[in-house]
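Undergrad: structure of the sequence below:
(one chain, ligands or ions: 1)
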Amino acid sequence: MLTTNPFEDDHLHEECGVFGIYGHHDAASHTALGLHALQHRGQEAAGIVTSDGEHFHSHRGPGHVADNFGSEAVIKTLEGHMAIGHVRYSTTGETMLRNVQPLFADFEFGGLAIGHNGNLTNALTIRKQLVRRGCLFQSTTDTEVIVHLIAISLYATVEERMIDALRQVEGAYSLVALTQTSVIGVRDPLGIRPLVLGRLPGGAWILASETCALDIVGAQFVRDVEPGEVIILDHTGLRSIKPFAKSHCRFCIFEYIYFARPDSVLEGTSVYGVRKQIGRELAKESAVDADVVIPVPDSGVPAALGYAAEANIPFELGIIRNHYVGRTFIEPTDTIRHLGVKLKHNANRLHIAGKRVILVDDSIVRGTTSTKIVEMVRQAGATEVHMRISSPPTTHSCFYGIDTPEREKLLAFKHDVAAMAKLIGVDSLAFISLDGLYRAVGEEKRNNHQPQFCDACFTGDYPVALADQSGGQGQDGLSAMTEGN
Ligand code: AMP
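TA: Below you'll find the predicted structure:
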């Protein structure tokens with residue numbers, strides 16, 4: 001029996017990527033390619049659902065996109081000219097398979113598949129009400145709450161039902177959905193998670209979490225899906241509805257810092273460009289004499305390039321990454337997480353020995369990576385180690401779809417910068433300031449009355465209410481676990 005509150009476990013917050021295509025005879029293989037480009041957003045499971053106008057076809061499973069969709073035989077079974085797909089990082093084996101997306105359900109109006117990136121903040125509260133009304137949940141994902149709300153909606157059309165359902169949920173969601181005859185894309189009213197619209201030369205429409213998924217299939221970027229926009233793709237073309245009250249966009253700034261691929265352009269801004277610019281700002285804010293700037297690969301590379309250029313200090317690949325190991329951060333146990341850092345990185349000794357080193361990484365979460373990397377660089381003979389971080393200190397957990405541990409496990413929650421420097425063993429440590437970060441994304445500074453981005457992980461300023469956090473869930477034996485995406 002599942003009795004856990006999702007916020008008591010630090011492995012339940014999700015990272016995901018979504019893809020959708022309408023109007024191509026080979027929708028499944030395009031979706032597999034798109035998901036492959038989005039693999040960095042979730043490596044534990046992948047799924048595709050297609051529709052040929054009459055029947056649905058699906059394949060979902062644990063593992064990477066290539067593990068699931070690398071064979072022509074599988075792709076051939078996924079017939080149809082429209083498809084949606086999903087990649088996710090998930091939790092334990094027990095719950096994983098039922099939670100692999102896209103979720104699919106049969107309704108009064110026919111079948112519907114949904115893929116979700118983001119995390120709902122009132123999912124447990126609603127789930128509790130639905131369970132009381134007799135709804136039987138199949139999975140532990142927050143996305144299933146949307147499925148049940150659609151099922152019980154009194155509206156007639158699938159679009160109306162979906163909008164009705166989404167009006168009741170709070171949090172972050174970039175969704176792709178597939179009906180028998182259409183593909184639907186939705187972005188939450190604050191646009192916290194990304195979703196872009198593209199088009200293939202032959203006219204097929206594409207929805208994807210990032211532009212790198214458009215590039216891989218040769219699609220042109222059309223525009224970002226707007227916050228609060230519902231896009232319906234069917235035989236009549238594209239329809240756009242804006243059913244939610246207009247609100248100010250609060251795109252996740254951590255997508256720029258770490259999460260999105262550097263070759264993606266989100267909200268009109270190059271991810272790589274932002275990362276390099278943060279490095280430049282960081283060099284201006286916290287200069288230090290050194291012989292070499294070394295990135296923690298791969299996440300620290302663009303910021304280190306910017307830092308080195310601004311500080312006029314040589315850039316070297318002083319740490320080499322083994323690309324055949326998954327992300328250390330998301331390994332399930334502390335032991336493996338510690339080991340993972342060693343499996344993943346090795347010092348490029350001859351370029352470190354006898355040098356004063358500036359190490360650049362994107363973030364310090366628990367401090368595991370930094371501690372190990374600093375130790376490795378010192379063992380390789382660095383005479384000084386200065387750490388520069390291209391985000392402000394991560395002091396708060398994310399409840400909108402980025403995988404961060406519970407607050408107590410965040411190094412910056414318990415320690416100030418000086419204490420953190422001591423703990424990770426560096427001669428100096430500096431983080432980009434919040435305003436420096438905002439400058440790097442093209443703003444003059446953070447507008448404290450109406451922040452331009454969601455930066456809750458650095459400020460605690462959560463733009464969407466955290467209903468499940470403020471109590472309610474977990475009472476009267478209905479503390480079912482839900483996972484975000
Ligand atoms: P930690 O070792 O716990 O301090 O985590 C910091 C490292 O994890 C950095 O090198 C980041 O590149 C990486 N990282 C930061 N945030 C995430 C995330 N949400 N998912 C996976 N990796 C992350």
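Undergrad: quick one: stretch 265-276 near the ligand?
TA: No - Stretch 265-276 stays clear of the ligand (CB under 6 Å from any ligand atom), getting no nearer than 11.5 Å. Heads up, the C-betas are built off the backbone N, CA and C, glycines and all.
Undergrad: so for that stretch, what gets flagged as buried?
TA: Across stretch 265-276, burial judged by 16 or more other CB atoms under 10 Å covers Val265, Leu266, Glu267, Thr269, Ser270, Val271, Tyr272, Gly273, Val274, Arg275, Lys276.
Undergrad: so which residues on the protein come close to the ligand?
TA: Checking the chain against the ligand by CB under 6 Å from any ligand atom, the hits are 258, 296, 299, 327, 329-330, 361-370, 402-404.
Undergrad: the stretch 201-350 of the chain: strands as residue ranges?
TA: 205-208, 220-224, 230-234, 237-241, 251-252, 265-266, 269-270, 292-295, 319-321, 345-347 (DSSP state E, counting those that start in this stretch).
Undergrad: which among those is found nearest to Val426?
TA: Val426 sits nearest to strand 292-295 of all these, at 12.7 Å, using CB to CB.
Undergrad: and that closest one, what does it pack onto?
TA: On a contact count with 3 or more CB pairs under 8 Å, 6 or more residues apart in numbering; DSSP states H and E, strand 292-295 meets helix 301-311, strand 356-361.
Undergrad: out of those, deepest packed?
TA: Highest mean neighbour count of the helices and strands packed on strand 292-295: strand 356-361, a mean of 26 (counted as mean count of other CB atoms under 10 Å).
Undergrad: quick check: what element follows it along the chain?
TA: helix 368-379 (DSSP states H and E).
Undergrad: strand 356-361 and that following helix, what's the angle between them?
TA: Here helix 368-379 points in a direction 160 degrees away from that of strand 356-361 (axes from the mean of the first three to the mean of the last three CA atoms, to 10 degrees).
Undergrad: and helix 368-379, average pLDDT?
TA: Mean pLDDT, helix 368-379: 95.
Undergrad: next structured bit after that helix?
TA: Later in the chain than helix 368-379, the nearest helix or strand by DSSP H and E is strand 384-389.
Undergrad: would you mark the buried spots in the helix or strand immediately after that next one in the chain?
TA: Where DSSP H and E defines the elements, the next helix or strand beyond strand 384-389 is helix 411-414. Neighbour-count burial for helix 411-414, counted by 16+ other CB under 10 Å, picks out Leu411, Ala412.
Undergrad: next, the buried residues of the helix or strand following helix 411-414.
TA: Using DSSP H and E, the next helix or strand after helix 411-414 towards the C-terminus is helix 417-424. Using 16+ other CB under 10 Å as the test for burial, helix 417-424 gives Met420, Ala421, Leu423, Ile424.
Undergrad: contact partners for Ala37?
TA: Shown in contact with Ala37 (CB atoms under 8 Å, 6 or more residues apart in numbering): Glu210, Cys212, Ala213, Asp215, Ile216, Arg261.
Undergrad: thinking again about what came up before, show me which of the residues of the chain next to the ligand are buried.
TA: Applying 16+ other CB under 10 Å to the residues of the chain next to the ligand flags 258, 296, 299, 327, 329-330, 361-370, 402-404 as buried.
Undergrad: low-confidence stretches in the stretch 1-150 of the chain?
TA: 1-14, 90-95 (pLDDT under 70).
Undergrad: what residue in it comes nearest to the ligand?
TA: When scored by CB to the nearest ligand atom, the stretch 1-150 of the chain has Glu15 as its residue closest to the ligand, at 6.3 Å.
Undergrad: surely that residue meets Arg41?
TA: Yes - Glu15 is within contact range of Arg41, at 5.6 Å (criterion: CB atoms under 8 Å).
Undergrad: so what's Gln396 up against?
TA: One correction, residue 396 is His, not Gln. By CB under 8 Å, 6+ apart, the contact list for His396 reads Arg407, Leu410, Phe413, Ala456, Cys457, Phe458, Thr459, Gly460, Tyr462.
Undergrad: one more pass at 7 Å, please.
TA: His396 sits next to Arg407, Ala456, Cys457, Gly460 when contact means CB atoms under 7 Å, 6 or more residues apart in numbering.
Undergrad: and the buried residues of stretch 265-276, which two are furthest apart?
TA: Greatest spatial distance among the buried residues of stretch 265-276 (CB to CB): Glu267 and Lys276, at 17.1 Å.
Undergrad: that older thread, can you list the strands of the stretch 201-350 of the chain in CSV and add mean pLDDT?
TA: CSV is the format used below for the strands of the stretch 201-350 of the chain (pLDDT from 0 to 100):
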stretch, mean pLDDT
strand 205-208, 98
strand 220-224, 98
strand 230-234, 98
strand 237-241, 98
strand 251-252, 98
strand 265-266, 98
strand 269-270, 98
strand 292-295, 98
strand 319-321, 95
strand 345-347, 93
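Undergrad: tell me the most buried of those strands?
TA: Buried most deeply of those, by mean count of other CB under 10 Å, is strand 205-208, with a mean of 29.
Undergrad: tell me what that one is packed against?
TA: strand 16-22, strand 196-199 (3 or more CB pairs under 7 Å, 6 or more residues apart in numbering; DSSP states H and E).
Undergrad: any chance of TSV for the ones you listed, columns mean neighbour count?
TA: Converted to TSV, these look like this (neighbours: other CB atoms under 10 Å):
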stretch	mean neighbour count
strand 16-22	31
strand 196-199	22
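Undergrad: quick one: which of the ones you listed is nearest Thr77?
TA: Using CB to CB, the helices and strands packed on strand 205-208 put strand 16-22 closest to Thr77, at 16.9 Å.
Undergrad: quickly run through the sheet partners of the closest one, with directions.
TA: Strand 16-22 has the following strand partners under DSSP bridges: strand 82-88 (antiparallel), strand 205-208 (antiparallel).
Undergrad: residues in contact with the last one: which ones?
TA: By that I understand strand 205-208. Residues from elsewhere that reach strand 205-208 (CB under 7 Å, 6+ apart): 19-23, 34, 176, 183, 185, 195-200, 214, 217, 219, 225, 231, 233, 238.
Undergrad: how does it look with 6 Å?
TA: If you take CB atoms under 6 Å, 6 or more residues apart in numbering as the criterion, strand 205-208 is touched by 19-22, 34, 176, 185, 196, 198-199, 214, 219, 233.
Undergrad: the longest one too?
TA: Contacts of strand 82-88 with the rest of the structure, by CB under 6 Å, 6+ apart, involve 16-22, 27-28, 31, 35, 38, 41-42, 45-51, 101-102, 113, 115, 176, 178, 183, 485.
Undergrad: go ahead and build a PyMOL selection from the buried members of the residues you listed.
TA: Of these, the buried ones can be selected in PyMOL as follows, counting by 16+ other CB under 10 Å:
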select buried, resi 16+17+18+19+20+21+22+27+28+31+35+38+41+42+45+46+47+48+49+50+51+101+102+113+115+176+178+183+485
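Undergrad: which of the contacts of strand 82-88 fall in helices?
TA: Ala27, Ala28, Thr31, Leu35 (DSSP state H).
Undergrad: wouldn't the third one be in contact with Ile48 here?
TA: In other words, Thr31. Yes - the criterion here is CB atoms under 6 Å, and Thr31 meets it with Ile48 at 5.0 Å.
Undergrad: so what are the structural domains in the chain, by residue number?
TA: Using automatic domain parsing, the domain parsing of the chain gives 16-250, 266-460.
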